[in-house]
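Asker: 3D, please:
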Amino acid sequence: MNNYLKIFTMKRLTTLFLVMMFALPLLAQNLPAKLEELTAPDFLKAVQKSDSVCVIPIGVLEKHGPHLPLGTDILAARNLVELAVFQEYAVIFPSYIFSQIFEAKHQPGTIAYSQELIWKVLQETCDELARNGFRKIVLVSWHGGNNNFLPFFCQSQLSQRRNYVVVNYTADPAAEYVEEINKAYQPEANGHAGQTETSVMLAIHPELVKQELAATQSGKDHHQIENPDGGYAGIWWFGKYPNHYAGDGSIANKEFGELLQKADVKKLAQFLKEIKQNCSLQKVQNEFYDKAENPLKTRQ
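Answerer: This is a model prediction of the structure:
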């Protein structure tokens, strides 16, 4: 090897060494957000980096019209959370499908766990996350069938003292996108597997959408029963939408889905940043526990 080649080789090795010296710390800082991708040592770093915040994207397995996949809710929820934590780091729990879905048991592919099981699994999941160091657990559900279940679950966390807080995320899209969204939004075409949900799936998983089938079933309100004024009956959804399809997915488009995702991601990222800084939730919850454990003393 001549001197020129030796010098060239040494320079390359030196450059490579310096690159590795600078790159390794950066790689160490790039912690995965997905819990299942973390090593045990990195998990400890992730709890600290996330300010003890873990997000559970919640979906279900159910029919989404004739054109969307059964896992639409979990695919959409997971995608939303992944994009948001890229902007504001938090740990993401693996895909979670234990939701309330009795109203779709008549449709093929529906997995409807008992009410006892869905409660117990969510409670024990939160308990285990807390045992591992998380103090704020955020539920991000894409599934409308959870609209009553999850708020009640959060309320029930007050039944006994816990060293963590559960928050059900329900925010609207970021305000700066609302006007643009409203221009494209068609109320009569929206609902379960309608314009909005189909547009989002076209944006994130177009390979799973069979939009040509969207018009092969009706997503219109069938008005099969009249719910008593001021009353609530569990059969209301089936009475209105027996096809488990509400709206019209045939008018959906990728661009509208991308707009919706952009608006939702920004809002969720803002929320995660705020909840990391929020100390009042745990403080006030602990104050409640103290008073609830000795209500007679509270009245004195």
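Asker: got the phi and psi for Pro57?
Answerer: phi -80, psi 120 (degrees, to the nearest 10).
Asker: tell me how many other residues crowd it.
Answerer: Using other CB atoms under 10 Å, Pro57 has 25 other residues around it. C-beta: built from backbone N, CA, C; applies to glycine.
Asker: and what of Ala84?
Answerer: The tally of other residues near Ala84 (other CB under 10 Å) stands at 27.
Asker: verify the stated contact: it with Ile275.
Answerer: No. At 11.8 Å, Ala84 does not count as touching Ile275 under the criterion of CB atoms under 8 Å.
Asker: my guess is Asp248 meets Gln217, correct?
Answerer: No. Between Asp248 and Gln217 there is no contact, the gap being 10.3 Å when judged by CB under 8 Å.
Asker: which one's more surrounded, the two?
Answerer: Taking other CB under 10 Å, Asp248 and Gln217 do not tie; Asp248 has more neighbours (22 against 16).
Asker: return the distance of the nearest residue to the more buried one once chain neighbours are set aside relative to Asn294.
Answerer: The shortest distance from Asp248 to any non-neighbouring residue, by CB to CB, 6 or more residues apart in numbering, is to Ala189 (4.1 Å). Here Ala189 is placed at a distance of 55 Å from Asn294 (CB to CB, to the nearest Å).
Asker: more neighbours: these two, which one.
Answerer: More neighbours surround Ala189 than the other of Ala189 and Asn294, with 18 against 10 (other CB under 10 Å).
Asker: residues in contact with Gly71?
Answerer: Contacts for Gly71 (CB atoms under 8 Å, 6 or more residues apart in numbering) come out as Gly59, Leu61, Ile97.
Asker: looking at those residues, which is nearest Ala269?
Answerer: Ala269 lies nearest to Gly59 out of the contacts of Gly71, by CB to CB, at 19.9 Å.
Asker: please name the nearest non-neighbouring residue to that closest one.
Answerer: Ile74 (2.7 Å).
Asker: contacting residues around whichever helix or strand that neighbour is part of?
Answerer: Under DSSP states H and E, the secondary-structure element containing Ile74 is helix 72-87. Counting by CB under 8 Å, 6+ apart, the neighbours of helix 72-87 from elsewhere in the structure are 33-34, 55, 57-62, 64, 69, 91-92, 95-97, 99, 140-143, 193, 197, 200-201, 204-205, 208, 261, 264-266, 268-269, 272.
Asker: now, which of these lie within strands?
Answerer: For the contacts of helix 72-87, membership in strands holds for Val55, Pro57, Ile58, Val91, Ile92, Val140, Ser141, with DSSP state E as the criterion.
Asker: for the fourth one, grab the count of nearby residues.
Answerer: To tie it back to what came earlier, the one meant is Val91. 25.
Asker: what does the one 4 residues further on give?
Answerer: Around Ser95 there are 16 other residues, counting by other CB under 10 Å.
Asker: what's the nearest residue to it if we skip its chain neighbours?
Answerer: Sequence neighbours aside, Ile74 is the residue nearest to Ser95 in space, at 5.0 Å (criterion: CB to CB, 6+ apart).
Asker: relative to Phe288, how far out is that neighbour?
Answerer: As judged by CB to CB, Ile74 and Phe288 stand 33 Å apart.
Asker: looking at the two, which one has more neighbours?
Answerer: For the pair Ile74 and Phe288, the greater number of neighbours falls to Ile74 (23 against 12), based on other CB under 10 Å.
Asker: and stretch 211-218, end to end?
Answerer: Distance between the two ends of stretch 211-218: 14 Å, counting by CA to CA, to the nearest Å.
Asker: for that stretch, which positions count as buried?
Answerer: Along stretch 211-218, the positions that meet the burial threshold by neighbour count (16 or more other CB atoms under 10 Å) are Gln211, Ala214, Gln217.
Asker: please apply the same query to stretch 35-49.
Answerer: Leu35, Leu38, Phe43, Ala46, Val47, Lys49.
Asker: the fifth one reaches Arg135, doesn't it?
Answerer: Read it as Val47. No. Contact status for Val47 versus Arg135: not in contact, 9.2 Å apart, counting by CB under 8 Å.
Asker: mind listing the helices for the chain?
Answerer: Defined through DSSP state H, the helices belonging to the chain, from first to last, are 3-29, 40-49, 72-87, 115-131, 149-155, 178-184, 195-204, 236-240, 254-277, 280-293, 295-299.
Asker: looking at the ones you listed, which is nearest to Tyr164?
Answerer: helix 115-131 (4.0 Å).
Asker: in that closest one, what's buried?
Answerer: With burial defined by 16+ other CB under 10 Å, the residues of helix 115-131 counted as buried are Ile118, Trp119, Leu122, Thr125, Cys126, Leu129, Ala130.
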